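Dropping the sequence and predicted coords here.
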Amino acid sequence: GFPRTLGQAEALDRICELDLVISLNIPFETLKDRLSARWVHPASGRVYNMDFNPPHVQGVDDLTGEPLVQSEDDRPEAVAARLRKYKDAAKPVIELYKSRGILHSFSGTETNKIWPYVYTLLSSKIPPLLSDEEN
């Protein structure tokens, strides 16, 4: 997400005025498991997740048959350290937007269960686009 730090939030304030901020509260273990299951085909950038988007053959890119790699940042220990650092840095950002009354938080572990609530919020704030036929 962005902004991740108070400095980034302040820089964002200088170029635009936010009226809605969404915070997704996902349990630490869920995030760690998802990020740690990510593998990449370096040449193309194709991303696989061993839990919900695995390659047809484990460890091998579907299109080229070349080996997949896991970034050092995606290894479980590194993910845990990144998440702890993010939580500490993001706390003042969350408090800033909460104090402005523009923070909307959603909690859960599954995208398909959180998304309908996020979509309803966004739909209430953004007018629908009309097709050429409707104009």
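The structure has been received and is ready for your questions. Numbering: from 1, shown residues only.

what ranges do the helices span in this protein?
Taking DSSP state H, the helices of the chain run over residues 6-15, 28-36, 76-99, 111-125.

pLDDT below threshold where in the protein?
130-135 (pLDDT under 70).

hmm, 80 instead?
1, 127-135 (pLDDT under 80).

Next one: the nearest residue in space to Tyr86 that is not next to it in sequence relative to Ala89, how far apart?
Counting by Cβ to Cβ, 6 or more residues apart in numbering, Arg4 is the residue found nearest to Tyr86 once chain neighbours are left out, at 6.5 Å. Bear in mind the C-beta positions are built from the backbone N, C-alpha and C, glycine included. Separation of Arg4 from Ala89 (Cβ to Cβ, to the nearest Å) stands at 6 Å.

One more: Ile15?
For Ile15, the distance to Ala89 - Cβ to Cβ - is 20 Å.

Mind checking which of those two has more residues around it?
Legend: neighbour count by other Cβ atoms under 10 Å for Ile15 and Ala89, higher for Ala89 (15 against 6).

Now the more buried one: closest residue in space that isn't a chain neighbour?
Thr5 is the one closest to Ala89 (Cβ to Cβ, 6+ apart), at 4.9 Å.

same deal with Gly65?
Val57 (8.0 Å).

For the one you found, grab the count of nearby residues.
Using other Cβ under 10 Å, Val57 has 10 neighbouring residues.

next one: the one 5 residues further on
Counted with other Cβ under 10 Å, the burial measure for Asp62 works out to 13 neighbours.

now do Tyr97
Neighbours of Tyr97 (other Cβ under 10 Å): 20.

try the one 5 residues further on
Each residue near Ile102 was counted by other Cβ under 10 Å, and the total is 14.

quick one: contacts for it?
Residues in contact with Ile102 (Cβ atoms under 8 Å, 6 or more residues apart in numbering) are 18-21.

again with Thr109
Contacts of Thr109 by Cβ under 8 Å, 6+ apart are 26-27, 30.

Which of the residues you listed has the largest number of neighbours?
Ile26 (17 neighbours).

For the residue nearest to that one when sequence neighbours are not counted, what are phi and psi?
Nearest in space to Ile26, with sequence neighbours left out and distances taken as Cβ to Cβ, 6+ apart, is Thr109 at 6.4 Å. Dihedral angles of Thr109 (phi, psi; degrees, to the nearest 10) stand at phi -120, psi -10.
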